[in-house]
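**Q** A structural model of the following input is requested.
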Amino acid sequence: MGGAVFDEAVRVLAGVVGVDVGEARELLGRRSVRVLGFEGVRYVSFRRGLRGFEEGTLIAWSGGEVRVVHGYPSIRRVLIPDVALPRWFGGGRVVLEEKMNGYNVRVFGLRGRVYAVTRGGLICPYTTRRLRRLYGEGLVAALEYLGGEEEYFIAGEVVGVENPYTRYYYPEAPEFDYFVFDVFRGGEPLPLRIRDAAVEAGGLRRVRVLAEIEPGDSTAFWRVIEGLEVEGREGVIVKDPEYRVPPLKYTTSATNIGDLRLGMAFPFDEGRGFLFSRVVREVFKSWQGRGAGAEELGRAILEPAVASVERVSRGEPLVEEFTLTMEDIREVEELVEYFAGLGVPVSLVSVEHLEGGRVKARFAKAKESEREIRRILATGLSPLD
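**A** Numbering: from 1, shown residues only. A predicted model of the protein is given here:
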């Protein structure tokens with residue numbers, strides 16, 4: 001990073017966070033704060049919470065204009081809905097919205113262009129370009145409806161099988177799509193009626209509203225969850241429509257078991273926290289008589305992990321593969337450089353040239369689990385205890 005860029009980042013960070021230049025220099029020297037760029041836009045990304053700003057906050061600037069995109073706040077998880085919902089929300093009806101299985105993307109505008117920010121506070125080149133092609137004008141129109149680029153941003157879920165992060169098939173969005181679930185002014189989410197009006201103004205898509213219920217109406221709540229279980233969908237976000245209190249989330253057993261099957265294929269990458277959190281969800285669901293069952297849970301944990309050990313024992317690589325359709329080879333190279341700059345081990349496997357100059361690129365992400373399993377097979381010793 002050049003000296004001029006660093007000095008500019010110091011000035012911008014100091015102004016936004018409210019510290020002097022010396023302290024801003026010290027903050028930028030930490031590993032938890034990154035200075036990056038995309039298309040001539042420079043930005044600071046927070047890998048940790050900092051001075052009242054959430055983890056994942058992004059501060060971007062270009063041509064003398066500065067945008068602050070606050071990190072998306074974490075949402076508390078419900079384990080016993082019959083207890084949690086009336087205690088958390090009190091009186092007044094709540095909205096049950098579908099929680100979709102994809103990745104969180106915040107969209108902001110700067111100098112007439114929109115940019116897509118991942119949960120970690122990074123401008124993703126692939127997501128940005130794909131969203132511009134899909135909803136570019138609509139996202140600009142939605143931000144203009146809200147009041148302009150300066151204070152507002154949109155939060156939603158990218159879903160479908162064509163992305164580098166979380167791939168889950170949705171019939172209504174098989175490849176790539178974006179579903180808005182919140183709009184923000186500064187760091188504060190706005191009431192759902194404002195979100196819905198902005199979505200309509202931009203011709204965008206919104207997450208499904210599944211029901212509006214009283215917080216203590218457990219029969220209505222479980223009816224919605226049972227429907228999602230049948231469909232194999234992820235779960236719900238429970239919201240006060242005026243956002244007077246933060247929302248809560250609840251996931252189905254279908255998702256808990258599915259996550260375990262996917263994650264345990266790479267057991268040393270996802271970590272024990274990933275496993276334990278989902279087991280705890282199923283513990284309390286089973287206690288309420290609604291869990292997946294011990295056999296299904298056990299198979300979800302063991303089968304994919306054992307299959308991965310078998311693959312490594314045969315000398316096969318253990319990688320996560322994904323395929324993306326992109327406009328040209330330059331976008332492919334850009335994405336490879338993006339991941340390399342972040343230290344993420346993503347490599348290009350093959351490129352298929354399509355009509356009109358478009359390309360279909362297959363990528364592979366190396367997994368730490370392969371190395372750990374090889375070490376165990378060679379030594380017979382556990383790396384954990």
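**Q** which secondary structure element contains the residue lying closest to V44 once chain neighbours are set aside?
**A** Excluding the flanking residues, the one nearest V44 by CB to CB, 6 or more residues apart in numbering is I59, at 4.5 Å. Placement of C-beta: from N, CA and C, glycine included. According to DSSP states H and E, I59 maps onto strand 58-62.
**Q** please enumerate residues in contact with that strand?
**A** Residues outside strand 58-62 that contact it (CB atoms under 8 Å, 6 or more residues apart in numbering) are 8, 12-13, 16, 40-46, 66-69, 108, 110-111, 115, 117, 121-123.
**Q** from those residues, list the buried ones, please.
**A** Buried positions within those, assessed by neighbour count (16 or more other CB atoms under 10 Å), are 12-13, 16, 41-46, 67-69, 108, 110, 115, 117, 121-123.
**Q** please give the element, helix or strand, for F6.
**A** Counting by DSSP H and E, F6 is part of helix 3-17.
**Q** what mean pLDDT does that helix have?
**A** For helix 3-17, the mean pLDDT works out to 91.
**Q** ditto for stretch 45-57
**A** The pLDDT scores in stretch 45-57 average 93.
**Q** next, the distance between the ends of it.
**A** Here the two ends of stretch 45-57 are set 6 Å apart, with distance taken as CA to CA, to the nearest Å.
**Q** cool, stretch 183-201 as well?
**A** Stretch 183-201 has its terminal residues 13 Å apart, counting by CA to CA.
**Q** for stretch 33-42, same thing?
**A** Taking CA to CA, stretch 33-42 runs 13 Å from one end to the other.
**Q** now swap in stretch 108-128 and tell me
**A** Using CA to CA, the end-to-end distance of stretch 108-128 comes to 10 Å.
**Q** what about the contacts of strand 58-62, which are in strands?
**A** The members of the contacts of strand 58-62 that map onto strands under DSSP state E are 41-46, 66-69, 108, 110, 115, 117.
**Q** re earlier: the helix holding F6 to strand 65-69, inter-axis angle?
**A** Relative orientation of helix 3-17 versus strand 65-69 (axes from the mean of the first three to the mean of the last three CA atoms, to 10 degrees): 60 degrees.
**Q** list the buried residues of helix 3-17.
**A** Buried residues in helix 3-17, defined by neighbour count with 16+ other CB under 10 Å: A9, V10, V12, L13, A14, V16, V17.
**Q** which elements pack onto that helix?
**A** In terms of contacts (3 or more CB pairs under 8 Å, 6 or more residues apart in numbering; DSSP states H and E), helix 3-17 is packed against helix 21-28, strand 33-38, strand 41-46, strand 58-62, strand 65-69.
**Q** now tabulate the ones you listed in JSON lines and tack on distance to E162.
**A** JSON lines is the format used below for the helices and strands packed on helix 3-17 (distance: least, CB to CB, whole Å):
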{"stretch": "helix 21-28", "distance to E162": "35"}
{"stretch": "strand 33-38", "distance to E162": "20"}
{"stretch": "strand 41-46", "distance to E162": "24"}
{"stretch": "strand 58-62", "distance to E162": "24"}
{"stretch": "strand 65-69", "distance to E162": "24"}
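**Q** now do the helices in the stretch 51-200 of the chain.
**A** Here the stretch 51-200 of the chain has its helices, by DSSP state H, counting those that start in this stretch, at 81-89, 125-146, 192-202.
**Q** what's the closest of these to L36?
**A** Among those, the nearest to L36 by CB to CB is helix 125-146 (11.0 Å).
**Q** between that closest one and strand 33-38, how many degrees?
**A** With the same axes, to 10 degrees defining the directions, helix 125-146 sits at 90 degrees from strand 33-38.
**Q** now do the buried residues in helix 125-146.
**A** 125-132, 135, 138-143, 145-146.
**Q** next, the angle from it to helix 192-202.
**A** Using the same axes, to 10 degrees: helix 125-146 against helix 192-202 is 110 degrees.
**Q** what pLDDT, on average, does helix 125-146 get?
**A** Average pLDDT, helix 125-146: 97.
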